[in-house]
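# Need the 3D shape of this:
(chains A and B)
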Amino acid sequence: MDNQSLNLLDRALGFDQQSEPWSLSGRVVVIEDCVETSGSFVLHQLVKRSLAPNSSNVIIFVAFANSFSHYDRILRKLGCNLVAQMDNKRFIFFDMLMLRGPDGDQGRIGEGTLVSLYEKIQKKLSGLPGDKKNYVTIMIDDVSLMEVAANGASDFVLDFLHYCHALTSEFDCTLVTLNHEDIYSSMEGSTFMLQMEYLADILIKAEPLSTGLAADVHGQLTVLNKGTSHRLGSLGNKIQNFHFKVKENNVEYFYPGSRV
Amino acid sequence: MAETICRALRDGGLEGEHAPALTIKDSLVSPFGFDVFTHVLAQLSNYVLAGKSQSRGLVIVAFSRSPSFYVDLLKKKGIDVASSQKWVQILDCYTDPLGWKNWLNAKDLSEEASSLSKVWKDVRNLDKLYTSIIELGKGLVGQGNGRFSIAIDSVSEMVRHASISSVAGLLSNLRSHDRVSSIFWLLHSDLHEVRFTAVLEYLSSMVASIEPCTIGQRGDLENLSLLEQNFRKGKFHVRFKRRNGRVRIMCEELLLELSGIKFTSVSSEEEIINQRLLPKVQFNLQLSEKERTERAKVVLPFEHQGNGKPIQIYDGRRSLNENNDETGKLPTDEDTDKGQIIYFRDSDDEMPDSDEDPDDDLDI
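The predicted model follows:
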């Protein structure tokens, strides 16, 4: 992979390491954002990175937040055609918006629905040819809406995430989730966010600048890369912080103060 | 000191006494609990395999990592897992804790470590879990008097599926079983109420808690360097409870290195600096208790004496009417023996002394 084309986020996620074809194998990435600073662009960047022509990754995308056309439009601007990738069977889309439709029992999902969602994911995974199994990324956008869909039963969601975690160690695939931190901030005794952070191997936080709004900087990202629990050996914990600016066709990342 | 813990677990318990139990607790600000857990696990495995320990076998109850992870980990540390002598068993509560896979009739694909592990599909039923752990252990050490050790990799995960009291009951039962030589478990303390952490600490004879070196606000990005420091090293406090009730606390520093975790004794820099900054002096820098009470008794001038009366200060701004009222009252006979200053403003034209009380800053 050409080192020049890597941005700060890619480096923080370890894509600059030549030793592995896909540095996120078997790892859990948790993206946390807040109302002021959306972290969904990180998700889009990861989709684009996974579906890059020189890799053979497969994405299983579980969408609670938006419809397919939404992601299709964004990714097209980033230079990635999701429809074509779908035909290539490299992008598998689960539209969970329909689950909350107004009619009948489908409106409420509980443990059973999450189990069947898990079943679908697992079937897709085991159905893949052997050489692709190890390069699968499961993406969930987003966990808080999954919790809403599960009628606020965060335990079911955690069980589901645990089973997804089990998949990552079984198939060496990647789990990427997006969640909103501020939803849980004022809740007394809510440990949901902490549970997710314990689950994470890589934690990406998107936050507004502490100094207030700025025209040229849209926010800051903090990437905490826990190298320890990875089975391929300890890489040491790494923490990085940088600013970003979301543009129409790409995102610029830069260290604080490196721009005039 | 980490050595001391491992030795205590190695030596096991006496006949008719509870097995030594270790709680390892950490939190997100200093998340080294799992590293400490694996360190203790590897040490104890070494002892068991070399036949130096009281226990002849080890049962790992895996909640947060897959059995293959533990097999790889032990192999990487140079410990012979697949030796002819069977000494380790993993109860797999990770792959299918709630029986979803069973329910879906999916094939179990993780056969890799199956000779060493047993899949457990119902973590909610702690009674059965208890019998299963004991059976696995007995399977390792045979029917004689042999004992075995137990490692539980996440009590936090256990509590998510069962009540606090039943989990505490399970741990207590395991600890008091006469075939159990030692037991240790990992706990993420920030996920639980304080009382649950306390319950587990009462159950254990040793508590190893991992705390950040420097305390900052969680998620405080201003202190990035501080945060980074906390992800490289931490403080390692161990509390030993002796049989006679004596409690000893020891402290070490814990450093995360590429090769694993390392413990160094605290000759902490802060202490050295403190010693240098405080020279030996001839006079006291601190007051004694007696001196402090005496100092408190001194009445300072201009201080409220606190006799309960409202404090009235004439600032020369009262209206004439009020003055007129008071003139009717003031020159009474009872008051004549008291010293008084009676002051009448000459006229309303005369301005008060000032708009501000000049002694505003004094606490009169």
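# Neighbours of the nearest residue in space to A:Phe192 that is not next to it in sequence, how many?
The spatially closest residue to A:Phe192, leaving aside those adjacent along the chain, is A:Ser154, at 4.8 Å (C-beta to C-beta, 6 or more residues apart in numbering or on different chains). To be clear about C-beta, it is placed using only N, CA and C from the backbone, and glycine gets the same treatment. Residues lying near A:Ser154 (other C-beta atoms under 10 Å in any protein chain shown) number 19.
# Looks like A:Ser154 contacts A:Leu194 (just checking).
No: under the contact definition of C-beta atoms under 8 Å, A:Ser154 does not touch A:Leu194, with a separation of 11.5 Å.
# Which residues does the helix or strand of chain A with the lowest mean pLDDT contact?
Averaged element by element with mean pLDDT, DSSP states H and E, chain A has its least confident helix or strand at helix A:182-185 (a mean of 82). Contacting residues not belonging to helix A:182-185 are listed as A:34-35, A:144, A:190, A:192-193 [C-beta atoms under 8 Å, 6 or more residues apart in numbering or on different chains].
# Next SSE downstream of it?
Toward the C-terminal end, the helix or strand that comes next after helix A:182-185 (DSSP states H and E) is helix A:192-199.
# how far is the least confident helix or strand of chain A from where the chain is centred?
Relative to the mean C-alpha coordinate of its chain, helix A:182-185 is positioned 19 Å out (C-alpha atoms, centre = their mean, to the nearest Å).
# Kindly report the same for stretch B:228-243.
The chain centroid and the centroid of stretch B:228-243 are separated by 10 Å, computed with C-alpha atoms, centre = their mean.
# Up against chain A, what does the stretch 151-300 of chain B have?
Applying the criterion C-beta under 8 Å from any C-beta of the partner chain, the portion of the stretch 151-300 of chain B that neighbours chain A consists of B:156-157, B:160, B:188, B:190-193, B:219, B:221-222, B:224, B:227-228, B:231-232, B:256-260.
# what helix or strand does the residue in the stretch 51-200 of chain A that chain B sits nearest to sit in?
Chain B sits closest to A:Ser169 of the stretch 51-200 of chain A, with a gap of 4.3 Å, by C-beta to the nearest C-beta. Using DSSP H and E, the element containing A:Ser169 is helix A:154-171.
# what is the rounded mean pLDDT of that helix?
Over the span of helix A:154-171, the pLDDT mean works out to 90.
# just stretch B:23-39 next, same as before
For stretch B:23-39, mean pLDDT is 90.
# got it, and stretch A:13-30?
Mean per-residue pLDDT for stretch A:13-30: 79.
# That stretch near chain B anywhere?
No: no part of stretch A:13-30 sits close enough to chain B to count as contact by C-beta under 8 Å from any C-beta; the gap is at least 9.8 Å.
# With stretch A:196-203 instead?
Yes: for stretch A:196-203, a contact with chain B is found by C-beta under 8 Å from any C-beta, at A:197-198.
# Residues in contact with that stretch: which ones?
Under the criterion C-beta under 8 Å, 6+ apart, external residues in contact with stretch A:196-203 comprise A:13, A:24, A:27-30, A:32, A:143, A:161-162, A:165, A:177, A:179, A:222-226, A:229-230, B:28, B:31, B:156, B:188, B:191.
# Just the ones of the residues you listed in strands?
Secondary structure assignment (DSSP state E) places A:28-30, A:32, A:177, A:179, A:222-225, B:188 from these within strands.
# May I ask which two of those are separated the most?
A:Val223 and B:His188 (21.9 Å; C-beta to C-beta).
# out of the two, which sits in the more crowded spot?
Counting neighbours by other C-beta under 10 Å for A:Val223 and for B:His188 shows that B:His188 has the greater number, 26 against 22.
# B:Ser30 is in contact with the more buried one, correct?
No: here B:His188 does not reach B:Ser30: they are 11.0 Å apart, not a contact under C-beta under 8 Å.
# Run the chain-centre distance for stretch B:50-70.
Chain-centre distance of stretch B:50-70: 26 Å, with C-alpha atoms, centre = their mean.
# follow-up on the earlier one: for the residue nearest to A:Phe192, what are its contacts?
A:Ser154 is in contact with A:147, A:190, A:192, counting by C-beta under 8 Å, 6+ apart.
# now for the helix or strand harbouring B:Ile133, which elements pack on it?
Per DSSP H and E, B:Ile133 falls inside helix B:126-141. For helix B:126-141, the packing partners by 3 or more C-beta pairs under 8 Å, 6 or more residues apart in numbering or on different chains; DSSP states H and E come out as strand B:55-62, strand B:88-92, strand B:147-152, helix B:164-176.
# Contacts for it, please.
B:55-59, B:61, B:86-89, B:91, B:93, B:118, B:120, B:122-123, B:147-148, B:150, B:158, B:162, B:166-167, B:169-170, B:173-174, B:177, B:179-180.
# So B:Leu226, which state does it fall into?
Following DSSP: H, G, I helix; E, B strand; the rest coil, the label given to B:Leu226 is helix.
# Check the contact between it and B:Lys233; I expect there is one.
No: contact criterion C-beta under 8 Å: B:Leu226 and B:Lys233 do not qualify, at 11.9 Å.
# Which positions within stretch B:25-34 qualify as buried?
In terms of neighbour count (16 or more other C-beta atoms under 10 Å in any protein chain shown), stretch B:25-34 has its buried residues at B:25-34.
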